[in-house]
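Q: Quick one: sequence and predicted model below, then my questions.
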Amino acid sequence: MAVKTLIEAIRDGLREEMERDERMIIFGEDVGPRGGVFGVTEGFSKQFGADRVIDTPLAEALIAGVAIGASAAGMHPVAEIQFADFIMPAFDQIVSEASRFRYRSNNDWFLPMVIRAPYGGGIHGALYHSQSVEALFGHVPGLIVVIPSNPYDAKGLLKAAIRHPDPVLFFEHKGGYRLIKGDVPDGDYIVELGKCKVSRAGQHLTAVAWGMMHYRCLEAAEILAQDGITVEIVDVQTISPLDRATILDSVKKTGKCLVVYEDNRSGGWGAEIAASVAEAAFEYLDGPILRVTGPDVPAMPYNHAQEAAFMPNTEKIVAAMRELAAY
Amino acid sequence: MVSTAKRHAAKDAPAPPLHEALGLSAETLLDMYYYIVLARKLDERMWQLNRQGKAAFVISCQGQEAAQIGTAFGMAREKDWYVPYYRDLGLMLCLGQTPRQIMLSLFARAEEPNSGGRQMPGHYGFHKSHVLTTGSPVGTQFLHAVGVGLANKLMRQNAEIVAAFGGEGATSEGDWHEAMNFAAIHKLPVLFIIENNHYAISVPLELQVGGQNLAARAAGYGMPGVAVNGLNPLECYQAVKAAADRARAGDGPTLIEMKCIRLTAHSSDDNDRTYRTKEDKEADRQRDPVAFFQHYLHEHGILDEAKDALVRKRIDEEVEDATNYAETAPAPVAEDLMKHVYATPEEVAEWRSKL
């Protein structure tokens, strides 16, 4: 067992899978000798060679489309989109094609492929290096959307994604790459896809979050604990298909639900969670379902003041938790 | 546009007939002819069924049969890979889809092999013949083909190659450019087959393709590009065979532009009288690839009236049988709506056990 950062755990997971599976290839922009702009694939080009760690042209639809064809023909591609913001040219390939191979062929074809992309803001990345895109893809049945919140789960979920026969989008909070640390055991293990996890037990309210916002919720819960308010935290982990049961079980216990997400407020993935709770746990609620979210502006500004105002942070989450706990 | 008659006359004069130069036996030529006529007859029957109100939608191969069948015969059909588009009925017949299966697809029947009745007719997918599942967005398929090409290069050392198909309209999509570029960079074993029928729904070649010379674009990507008469299956066969040999030798992709015609409206929901003149359509009718090949085979003593009648009788019976079979075959059931969105837990476990 060693303490690792989020990025180290992801790198370890990728490397171990490459060593295990000869049919796995990695490709994307600058993933070769450069090792990716964040360094996720550092050293891979040397270790595995240019045939298995492929620098692609600057073409995101190509990255997704080639992953589709290569996986259909027997490879296990793990593609990288350099920033989640730049996944839009690949939207058609992912939404109209990858998500539908199994369904539209009546189970004759399926795609064991993974697309990884760093997402999220608060890192002075401005409008085009800060976005959260999980709601865009969570809306699409046929895709599995994963966002890990910590190093242990990141490695296990990534391994599960690589060994899964359907397309998985794996979004990693770039602000968490070196900030979020945790114990990671040596060797092989899997964290199953499709399951939410209660990451902190509590009595007074449930907070549902993923990725960096899960990390912020843990910080907020620590602060509230000093006042005797205990918060149960559900780490969503797999955005879609959503494990509603784990969320509902927690809300039924605490009677209160806060959803926190970094994406724009309207139509964010937390809206689906709030609707699910309202539908299935109405009689258990003794307060409104609250949300702490990014605002409804097109994307995150570059300047510090407006970026900070955009980001949901620990302070905002603490305030919402107190408000909800008071009901 | 190149006139078939002129090309044919020029080819005809002193040189031996093309099929001899290509080493194609009479048996192979008759096999090609069978598929060309079968594709046409099935297509015609589908229109009749649509006009009778029995089939909701038809998308045609008429005018492109020679290109498709010539291509199929130039590939190694038992092992190569295919990413077709919605007009490739002739190709699919050569790859083993039966007339019954084609008609099952027309009627969206449960046992229809492409999609279990989920997709419109013409949206092929046939794993056992290495035909990837295809959708309606135009041009996306070229990138899938390039991905297959990458796998074929890395895992199979180019022993299996892939052909991607599309119309000239599909070359306007960015995906086509990205696919051509990547295939050339990595010398992937990919054949880009463009069935240029000169219309994308209503938009003519002149408003679709700057310079109107698709084959010439290959040079910019660093791959060979050839244009052939898509109304002559032998010219298509010849170009595909040469490109397939190159691809298998590790020399990379080729773009083949097959100059075809479109003898029907875009689909059964289109009205081509709003954008094509009678004269334009009649001129295409005079260049019908089915009539061309029939004439060619007669001219070279490979087909005579009696043999021709036998082939056509067999096809008529097959089309009739396929129609009757498919019309009464069971439809999918509503309860299956939610099936195959994701792998089931059992399918995931089975997949993992094989890794």
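A: Sure thing, it's come through. Residues are numbered from 1 along each chain as shown, chains lettered A, B, ... in the order given.
Q: Which residue lies nearest the spatial centre of chain B?
A: Centre of chain B computed as the mean C-alpha position; nearest residue by Cα atoms, centre = their mean is B:D88, 3.0 Å away.
Q: Might one say that that residue is in contact with B:A67?
A: No - using Cβ atoms under 8 Å, B:D88 is not in contact with B:A67; the gap is 9.4 Å. For every residue, glycine as well, the C-beta is placed using N, CA and C.
Q: For the stretch 1-150 of chain B, which segments count as strands?
A: Listed in chain order, the strands of the stretch 1-150 of chain B (DSSP state E, counting those that start in this stretch) span B:81-83.
Q: Near chain A, which residues of it are found?
A: Applying Cβ under 8 Å from any Cβ of the partner chain, we find that the stretch 1-150 of chain B lies next to chain A at B:81, B:83, B:113-119, B:123, B:125-127, B:132-133, B:135, B:137, B:140, B:142-150.
Q: for the lengthiest helix in chain B, the distance to its chain's centre please.
A: Looking across chain B with DSSP state H, the single longest helix is helix B:26-51. Centroid separation for helix B:26-51 versus its chain: 13 Å, with Cα atoms, centre = their mean, to the nearest Å.
Q: cool, and stretch A:127-136?
A: On Cα atoms, centre = their mean, the centre of stretch A:127-136 falls 11 Å from the chain's centre.
Q: List the buried residues for it?
A: For stretch A:127-136, burial by neighbour count (16 or more other Cβ atoms under 10 Å in any protein chain shown) applies to A:H129, A:S130, A:Q131, A:S132, A:V133, A:E134, A:A135, A:L136.
Q: shouldn't A:Q82 be in contact with A:F27?
A: No - using Cβ under 8 Å, A:Q82 makes no contact with A:F27, being 11.8 Å away.
Q: returning to what we had before: could you list every helix and strand in contact with the longest helix of chain B?
A: Using 3 or more Cβ pairs under 8 Å, 6 or more residues apart in numbering or on different chains; DSSP states H and E, the elements in contact with helix B:26-51 are helix B:65-74, helix B:89-94, helix B:99-106, helix B:233-248, helix B:289-299, helix B:305-328.
Q: what's the closest of those helices to B:E160?
A: Across the helices and strands packed on helix B:26-51, the minimum distance to B:E160, taken as Cβ to Cβ, is reached by helix B:233-248, at 8.6 Å.
Q: List of residues touching the closest one?
A: Helix B:233-248 is contacted from outside by B:18-19, B:22, B:24, B:32, B:36, B:65-67, B:69-71, B:73-76, B:80, B:158-159, B:161, B:163, B:189-191, B:193, B:224, B:226, B:228-230, B:252-254, B:256, B:258, B:289, B:293, B:296, using Cβ atoms under 8 Å, 6 or more residues apart in numbering or on different chains.
Q: Now do it and helix B:289-299, the angle between them.
A: 100 degrees (axes from the mean of the first three to the mean of the last three Cα atoms, to 10 degrees).
Q: Could you tell me how far helix B:233-248 lies from the centre of the chain?
A: Put simply, helix B:233-248 sits 15 Å off its chain's centre (Cα atoms, centre = their mean).
Q: just stretch B:15-22 next, same as before
A: Centre-to-centre, stretch B:15-22 and its host chain are 24 Å apart (Cα atoms, centre = their mean).
Q: Next, the buried residues of it.
A: Neighbour-count burial for stretch B:15-22 flags B:L18, B:H19, B:L22 (criterion: 16+ other Cβ under 10 Å).
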